[in-house]
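A.B. asks: fold the following.
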Amino acid sequence: MLGLGFSAGLPLLLVLGTLSFRLREAGVERATIGFLSWVGLAYAFKWVWAPLVDRLPLPWLTRRLGRRRGWLLLAQCAVILGLVGMAGADPRDALSALVGWAVLVAFGSATQDIALDAYRIESAGVDEQAALAATYQTGYRLAMIWAGAGALWLAARAEVVDAPGYQQAAWQLAYLIMAGSMVLGPLVVLTSPEPQARALPVARNAREWLQGALIEPFTEFIGRYRWQAVLILGLIAVYRISDVVMGIMANPFYVDMGYSKDEVAAVSKVFGVLMTLVGAFVGGVLSMRLGVMRVLMLGAVLSAASNLLFAWLGTRGHDLQALIWVVSADNLSGGLASSAFIAYLSGLTQVRYSATQYALFSSMMLLLPKWLAGFSGVVVDSVGYSTFFVGTALLGLPVLVLVALASRVR
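C.D. replies: Residues are numbered from 1 along each chain as shown. The predicted model follows:
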């Protein structure tokens with residue numbers, strides 16, 4: 001799970017956070033950057049093709065590697081191809097091409113997530129899911145250090161000294177190295193065991209296949225929780241809304257506040273991600289000792305409150321020490337919340353439909369926040385960064401109510 005978590009975490013920033021830094025440095029407007037974040041909606045709609053990943057065998061790959069590893073390998077190859085394409089596209093004169101390659105990366109990454117979540121859930125029992133989630137998060141966050149700080153550091157090192165403005169060659173090198181780093185994913189897949197295969201019912205026609213692959217996973221969940229399913233799905237839909245909406249404008253904020261690539265790499269992408277690892281570990285331990293719902297509530301409170309710190313940071317100008325404290329608090333709370341939330345989602349799935357159900361949950365987690373985040377650049381242009389950050393903190397208030405109500409579900 002450590003190695004596969006790295007493979008899952010690498011593409012995310014390269015089509016979102018790191019890309020937004022690159023685009024802003026190239027002079028792309030904040031409103032455009034916000035709308036381009038909708039590339040990430042691929043993660044929110046992955047439930048659409050999750051039944052295919054769950055049930056459809058791939059020619060040759062499934063026979064040689066198994067259903068889970070076959071889909072993992074195919075998705076990882078798509079990510080590598082997309083990153084190579086992103087490396088060669090200059091956002092100043094080929095923005096559409098860059099976005100197209102980013103869509104391929106996001107689609108491949110989302111497909112990898114579907115297969116990987118099923119792989120994780122099928123590899124251990126419910127009692128071990130919190131530990132597996134924490135280990136997965138560790139690999140995921142290490143990859144985010146590399147895709148965030150590593151990409152910025154590589155681009156900074158490759159720049160021509162004293163040449164002002166955006167330098168395409170530097171970013172091209174950085175993204176090519178990221179594509180090479182993604183090769184770790186296929187290597188891990190080829191050397192990892194396939195979970196014990198579960199027997200699938202034989203479908204006599206397309207209708208029966210759709211019934212078993214698409215309809216039954218959803219009706220099973222609704223039948224299990226009945227009216228309480230609405231409450232659970234509502235909580236899933238908004239739990240990370242504060243973090244996701246705020247996060248799209250974080251890197252443009254750093255650029256506009258005058259922070260250099262090296263400063264952002266050191267503070268936000270290395271130190272901050274290390275604090276996320278600490279938060280993920282603490283969240284995993286607390287979830288096993290205190291219960292997942294209590295840690296979910298704590299994570300919701302801390303995630304919303306940390307956005308207020310960014311509002312304060314916006315009044316400080318170029319203040320590196322303040323950036324360190326704010327990023328530390330934000331990433332610590334985010335890691336804690338993520339670890340508990342993954343354990344919560346894993347506990348909701350039924351093993352027979354693990355890929356499809358988990359894809360539904362994790363997609364719902366992103367759909368509304370990602371859609372709202374697309375307008376973040378427009379909001380910042382209208383009201384400024386500090387007011388925007390306060391607004392994202394207020395978005396987290398309904399989450400507290402939903403966590404309290406969902407904690408009563410049995």
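A.B. asks: low-confidence regions, the stretch 251-400 of the chain specifically.
C.D. replies: The model of the stretch 251-400 of the chain has pLDDT under 70 over residues 269-270, 351-356, 359.
A.B. asks: swap in 90 and give it another go.
C.D. replies: Applying pLDDT under 90 to the stretch 251-400 of the chain picks out residues 251, 255-296, 299-300, 303-304, 314-321, 324-325, 327-373, 396, 398-399.
A.B. asks: which parts of the stretch 51-200 of the chain are helices?
C.D. replies: Ranges of helices in the stretch 51-200 of the chain, per DSSP state H, counting those that start in this stretch, are 61-65, 67-88, 95-122, 129-145, 151-158, 168-181, 184-191.
A.B. asks: lowest mean pLDDT across those, which one is that?
C.D. replies: Among the helices of the stretch 51-200 of the chain, helix 129-145 has the lowest mean pLDDT, at a mean of 80.
A.B. asks: adding mean neighbour count and distance to R55, write the helices of the stretch 51-200 of the chain out as TSV.
C.D. replies: Heads up, the C-betas are built off the backbone N, CA and C, glycines and all. TSV is the format used below for the helices of the stretch 51-200 of the chain (neighbours: other Cβ atoms under 10 Å; distance: least, Cβ to Cβ, whole Å):
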stretch	mean neighbour count	distance to R55
helix 61-65	15	11
helix 67-88	23	8
helix 95-122	23	11
helix 129-145	23	23
helix 151-158	21	36
helix 168-181	20	30
helix 184-191	17	19
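A.B. asks: with distance to P217 added, can I get those in TSV?
C.D. replies: Formatted as TSV, those follow (distance: least, Cβ to Cβ, whole Å):
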stretch	distance to P217
helix 61-65	20
helix 67-88	16
helix 95-122	11
helix 129-145	18
helix 151-158	37
helix 168-181	34
helix 184-191	24
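A.B. asks: out of those, flag the one nearest K370.
C.D. replies: Comparing the helices of the stretch 51-200 of the chain by their distance to K370 (Cβ to Cβ), the top pick is helix 95-122, with 10.7 Å.
A.B. asks: tilt between the closest one and helix 67-88?
C.D. replies: If you take axes from the mean of the first three to the mean of the last three Cα atoms, to 10 degrees, helix 95-122 sits at 160 degrees to helix 67-88.
A.B. asks: before we move on, back to that, what's the closest of the helices of the stretch 51-200 of the chain to G5?
C.D. replies: helix 129-145 (2.7 Å).
A.B. asks: gap between the closest one and the chain center?
C.D. replies: On the basis of Cα atoms, centre = their mean, to the nearest Å, helix 129-145 sits 12 Å off its chain's mean C-alpha point.
A.B. asks: other residues contacting that helix?
C.D. replies: Residues outside helix 129-145 that contact it (Cβ atoms under 8 Å, 6 or more residues apart in numbering): 1-10, 12-13, 120-121, 123-124, 269-270, 273-274, 276-277, 280-281, 283-285, 287-288, 292, 335, 338-339, 342-343, 346-347.
A.B. asks: for the helices of the stretch 51-200 of the chain, which one sits closest to I215?
C.D. replies: For those, proximity to I215 was assessed by Cβ to Cβ; helix 95-122 is nearest, at 17.7 Å.
A.B. asks: L332: neighbour count?
C.D. replies: Around L332 there are 22 other residues, counting by other Cβ atoms under 10 Å.
A.B. asks: for it, what are its contacts?
C.D. replies: 275-276, 278-279, 302.
A.B. asks: now the residues you listed in CSV, with secondary structure?
C.D. replies: Output for the contacts of L332, formatted as CSV (DSSP: H, G, I helix; E, B strand; the rest coil):
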residue, secondary structure
M275, helix
T276, helix
V278, helix
G279, helix
L302, helix
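A.B. asks: any idea which of the helices of the stretch 51-200 of the chain gets closest to G223?
C.D. replies: Minimum separation from G223 across the helices of the stretch 51-200 of the chain (Cβ to Cβ) falls at helix 95-122, 19.5 Å.
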